[in-house]
Every structure is written in C-alpha cells, then in structure tokens.
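Novice: Quick one, structure for this:
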Amino acid sequence: MDVDLVIAGAGGGLAGALRTAQLGMDVLVVEADEHHLRGNNTSMSTAMIPGAGSRFQRATGIEDSPEGFLDDIAAKTGGQADPRVATALATVSAELVEWLADHVGMPIELAGDVDYPGHSARRMHTLPGRHGSVLLQCLTDAVRAHDRIDLLAPARLVGVGADRTGSRSAVVEYPDGRREEISARAVLLATNGFGADPELVRTHLPEIAGVDYHGSEQSRGDALRIGASLGAATGCLDAYQGHAAVSAAARTLVTWTTVMQGGLVVDGEGRRFGDETVGYSEYAALLAAQPGGYGWIVLDERINELCRSFTDFRDVVDSGAVRTAGTLGELAERTGMSAPVLAAEVAAMAAVARGDASDPHGRTHVAAPLAPPYQAIEVVPALFHTQGGLLVDEHAQVLDTAGAPLGGLYASGGAAVGMSGHGAAGYLAGNGLLPALGLAYLAADHLASLVGQPNDQRQPDPHTALER
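Specialist: Coordinates of the predicted model:
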C-alpha cells in the first residue's frame, strides 16, 4: 500500500491531511491546479469559520453552544439541513477552530465585531486580514513542513477503485495525459462542487445560472462523476451560496458587513427591493432579477471605516470603485440613480434606525442612519459555490443509494451534501469553510479509528513516502 489516505483537492482538504498525519498516517494530496494558492475556493473566501462554544468566545463573554448553532441552522434552512452532517459539524466546530490555532499554528481570532444573518451569536473565527488566502497559506505551509504528507500538483483524481481486501485505489491523471494508480486505505474527495460546470449549474441551479461564477475553475463536479461510478447517493444538489455584493468595477467581494452595519441595497433607480438582512446568498437571485441585473450598496464613511478590516473591502476601495458625494443628489448624479427615489429610501431607513417607523420589506435592524458624505458601490450578483453533493454520514463517509457507507471513501466541502438544505436561503455564513475543513477533519478521525491504533501511539510506517 502506497499511503493511508489520498486526498483530492488542496483547499479545505489540507485540514484533513494535517489531522491524518497528526494521527500517525501517511497522506498524499492530489491537486489539479498548480496555482491553487490563488485560484482555490478556500483562498477566495473571507476565512470565516463558525465555532460554537469556543474558548475564544468564552474569553469575550459570548455564550454559545452546538445546540444554539443547530437551532440557527434549523431556522435558516427551514429544517431541511441534513441532520447527521449539521449535528456533526456544529458539535466539532469549536474543537476545529481551537485545533487550527493549537496544532496548525494559525493566528485564530474571534470576529467579535461582525453580525451575520441567521447567526444568533458571534461565532465566526478568522485570521488577521480576514481573507482566505491567509488561511490557505497557513494550511499549505503546515502541510509542506510535515514529513508524512506529500503534495502532488498539477494532477487530477479521475477515478477511484477498490481491491479484494477493501483498500482503495486512486487513479491520477497528469496534464500530459499519463495516468498512475495509487493504492491507499481510503480516498477523501475534497474537490469542491460543480460551480464551474455550466451544464450542471443549468440543470440543478437554474435560478442563478445566468450570473457570473466567482469561484475556482477546478470545481467541475469531479466528485459527482466519481461518486456516480461507485453508486453513491447525492443530496441537495439545488443548494448553493450566491452573493449579491461583488463589485462590478473591481470584480472583488464587497463584504455584507456594509449592510449589517446600516447600508442599503438598491436597484439602478435607487429603490430597495427586499430585506437585505435575510442573507447575502438568497439576495443574489433577487439582485439578478432587477432591471439590468445590478444594483448599488449605499453606505457612508462610518460603515467604510468599520469594513476596513476585510482585505477584500480594502481592495474594492483601492480600485476606485467607491463613489462619494456630499449630498444624495450628487450621489444620484454620479451613479445614474433617481435623486428623489434614493432620498426617500435613505430617509425611510433612517426612520427605521431611530425606531420611528417599520420597514415595508420587514427589515428590523438598521445600525444607524446614513450621514454625509454618502458613498455607493455598484454590485452584481454571483454564484460562489454549490452546497449539495455526495451524501455522507457524520463521519464524512460517502453513502450509497441504500444508505450504507462506501467503505474507504469520504467527501468534504462542496463535494459533500453540506448543511444548507435546499436552494440559496439556507446558507449561513461559514457554511462553506466549516464543511470543507470540518468534514475533512472528521474523516481523518474516522479513518484512524478503523486502523485501530491509539491516535498518538502509532508506529512510523515502514514504507517510504512516494517519490515525486
């Protein structure tokens, strides 16, 4: 046997590699993109990982628990989230973020200044700069420093087999078409979803199929195809994370913190079209349905300053995408909006912020009235990643259509069913990274339990690492 575990995908799957190696096993990570450090969905995230009941929360007096997190998941998804996956991830979430700090050495910090739609507690953990590139670099550095982990790139996993002993084989294809078969105890599919495959998006996500895809070009549905060849079941293939706040000029994410701190989302005329605080994922389809398929986030200098902790937002500002004006009339002139319409919307939101009126769209929280100078950022909707995939259990084992585990096969992140239920409305902030990192972590623990040796007492494998 060449290795204990082959992992396809060097994003969140790297957490599984590090956990597997920590438990005394040898790992080979296969990655299709040699430039994955900048083109990977993990690297394109805002590095927000929910951890319910972590020591970082306790240090700031925040009371939270997996049960509270599960209540939020149930409320946001309408009870449609896969119960095994949701429970497993909510339960392991605090352990995961503490492990990233203590074992991987990440400078984890609580994002205690940010409220996200659907979360009843401030449970997001992140890193300085709040950008996924920092998270992925930390994981990659730790992987490269570990003598039990090899990283093979560029190479794509194109098939998974099994031998008579129940071990798995991973078929890897190189850019020149050459193929190699690698034997392993198990394979973890961490290849993300199918957002980069237009045909699969049109089939499963028709409401969002016409918008830009803002994710890894390697997310082509590899796990679905490999899983189908092995008789795997799938779930919630209509689930996805959209985003209604990609800068039209910079093509970079404008953080939804702009909204949660009091900003408005309006159409090209300056008119609001819903309750922005329900969530940025479901708002993508709403924005796409507006005339021209675009809109504006209207904010002020107070909100601008509060969002500067996000690298993406600073990039938007530095790109010159923010329009600024001393009056709403001037802002309307600079953006093409209707001055009377925009002024009426800003005044109505100010009344909601003061408690003098209710919002006809149902928004109940506006942090503060907007004040001059006013600012606006043109935004377009985007598909960030898909949230459905292969059906897995609480150990990240892939299940067949009868509900039985396909031995030696695991899935994580966008390759797996996830915890967002159906559609876009069930998405909670962190529902991308937590399944990507958390299911990979749980897969490593389960594989170690099958090997049957105590976590930190396994003897070194007599075989040498694969030569590359």
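Novice: Strands along the stretch 1-150 of the chain, start to end?
Specialist: Remark: strands assigned in the stretch 1-150 of the chain by DSSP state E, counting those that start in this stretch are 3-8, 27-30, 49-50, 109-110, 124-126, 149-152.
Novice: Using CSV, lay out the ones you listed together with distance to residue 303 and mean pLDDT.
Specialist: C-beta coordinates here come from the backbone N, C-alpha and C atoms, glycine included. As requested, these are arranged in CSV below (distance: least, CB to CB, whole Å; pLDDT from 0 to 100):
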stretch, distance to residue 303, mean pLDDT
strand 3-8, 40, 98
strand 27-30, 40, 98
strand 49-50, 24, 98
strand 109-110, 21, 98
strand 124-126, 18, 98
strand 149-152, 41, 97
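Novice: Could you dump those strands into JSON lines with distance to residue 317 added?
Specialist: Formatted as JSON lines, those follow (distance: least, CB to CB, whole Å):
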{"stretch": "strand 3-8", "distance to residue 317": "37"}
{"stretch": "strand 27-30", "distance to residue 317": "36"}
{"stretch": "strand 49-50", "distance to residue 317": "25"}
{"stretch": "strand 109-110", "distance to residue 317": "22"}
{"stretch": "strand 124-126", "distance to residue 317": "19"}
{"stretch": "strand 149-152", "distance to residue 317": "35"}
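Novice: how near is residue 178 to residue 274?
Specialist: 52 Å (CB to CB, to the nearest Å).
Novice: Let me fix that, I meant to ask about residue 220.
Specialist: For residue 220, the distance to residue 274 (CB to CB) stands at 32 Å.
Novice: between these two, who's got more neighbours?
Specialist: Shown here are residue 220 and residue 274; by other CB atoms under 10 Å, residue 220 has more neighbours (19 against 15).
Novice: Just want the phi and psi numbers for that one.
Specialist: As for residue 220, its main-chain torsions (degrees, to the nearest 10) stand at phi -110, psi 10.
Novice: Could you do the one 4 residues further on as well?
Specialist: Its backbone dihedrals place residue 224 at phi -60, psi -40, with angles given as degrees, to the nearest 10.
Novice: That one - nearest residue in space that isn't next to it in sequence?
Specialist: The shortest distance from residue 224 to any non-neighbouring residue, by CB to CB, 6 or more residues apart in numbering, is to residue 194 (6.2 Å).
Novice: Wait, that neighbour touches residue 385, no?
Specialist: No. Using CB atoms under 8 Å, residue 194 makes no contact with residue 385, being 9.2 Å away.
Novice: Give the residues shared as contacts by the two.
Specialist: Jointly contacting residue 194 and residue 385 under the rule CB atoms under 8 Å, 6 or more residues apart in numbering are 219, 414.
Novice: Chain neighbours aside, what residue packs nearest to residue 242?
Specialist: Nearest non-adjacent residue to residue 242, counting by CB to CB, 6+ apart: residue 284, 2.8 Å away.
Novice: Let me know the secondary structure of residue 423.
Specialist: Assigned with DSSP: H, G, I helix; E, B strand; the rest coil, residue 423 falls in the coil class.
Novice: Once you drop chain neighbours, what's closest to it?
Specialist: Closest residue to residue 423 apart from its sequence neighbours, by CB to CB, 6+ apart: residue 238 at 5.9 Å.
Novice: residues near residue 113, how many?
Specialist: Neighbours around residue 113, by other CB under 10 Å: 11.
Novice: Quick check: bridge partners of residue 125?
Specialist: residue 49, residue 110 (DSSP bridges).
Novice: Could I get the full set of strands for the stretch 201-350 of the chain?
Specialist: Taking DSSP E, counting those that start in this stretch, the strands of the stretch 201-350 of the chain run over residues 212-213, 234-235, 240-247, 264-266, 295-300, 322-325.
Novice: Which one, of the ones you listed, ends up nearest to residue 227?
Specialist: strand 234-235 (7.1 Å; CB to CB).
Novice: Tell me where the protein is predicted with low confidence.
Specialist: 164, 453-468 (pLDDT under 70).
Novice: for it, which strand is longest?
Specialist: Criterion DSSP state E: the longest strand present in the chain is strand 374-386.
Novice: So which elements touch that one?
Specialist: In terms of contacts (3 or more CB pairs under 8 Å, 6 or more residues apart in numbering; DSSP states H and E), strand 374-386 is packed against helix 198-204, strand 212-213, strand 240-247, helix 280-288, strand 295-300, helix 301-306, strand 322-325, helix 328-335.
Novice: could you dump the ones you listed to JSON lines with mean neighbour count and distance to residue 82?
Specialist: Below are the helices and strands packed on strand 374-386 laid out as JSON lines (neighbours: other CB atoms under 10 Å; distance: least, CB to CB, whole Å):
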{"stretch": "helix 198-204", "mean neighbour count": "16", "distance to residue 82": "17"}
{"stretch": "strand 212-213", "mean neighbour count": "16", "distance to residue 82": "25"}
{"stretch": "strand 240-247", "mean neighbour count": "28", "distance to residue 82": "15"}
{"stretch": "helix 280-288", "mean neighbour count": "25", "distance to residue 82": "17"}
{"stretch": "strand 295-300", "mean neighbour count": "26", "distance to residue 82": "33"}
{"stretch": "helix 301-306", "mean neighbour count": "17", "distance to residue 82": "35"}
{"stretch": "strand 322-325", "mean neighbour count": "18", "distance to residue 82": "40"}
{"stretch": "helix 328-335", "mean neighbour count": "18", "distance to residue 82": "43"}
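Novice: between the ones you listed, which gets nearest to residue 68?
Specialist: Of all those, it is helix 280-288 that lies closest to residue 68, at 20.9 Å by CB to CB.
Novice: Next, the angle from that closest one to strand 374-386.
Specialist: Helix 280-288 runs at 110 degrees relative to strand 374-386, counting by axes from the mean of the first three to the mean of the last three CA atoms, to 10 degrees.
Novice: Mind giving me the packing neighbours of helix 280-288?
Specialist: Helix 280-288 packs on strand 240-247, strand 374-386, going by 3+ CB pairs under 8 Å, 6+ apart.
Novice: For the closest residue to residue 34 other than its chain neighbours, what are phi and psi?
Specialist: Distance criterion CB to CB, 6+ apart; nearest residue to residue 34, sequence neighbours excluded, is residue 154 at 4.2 Å. When read as degrees, to the nearest 10, the backbone of residue 154 gives phi -90, psi 130.
Novice: and residue 154, how many neighbours?
Specialist: 15.
Novice: gap between it and residue 122?
Specialist: Separation of residue 154 from residue 122 (CB to CB): 39 Å.
Novice: what does residue 130 give?
Specialist: Taken as CB to CB, the span from residue 130 to residue 122 is 14 Å.
Novice: okay, the two: which has more neighbours?
Specialist: Ranked by neighbour count (other CB under 10 Å), residue 130 and residue 122 place residue 130 first, with 25 against 18.
Novice: Brilliant, that's me finished.
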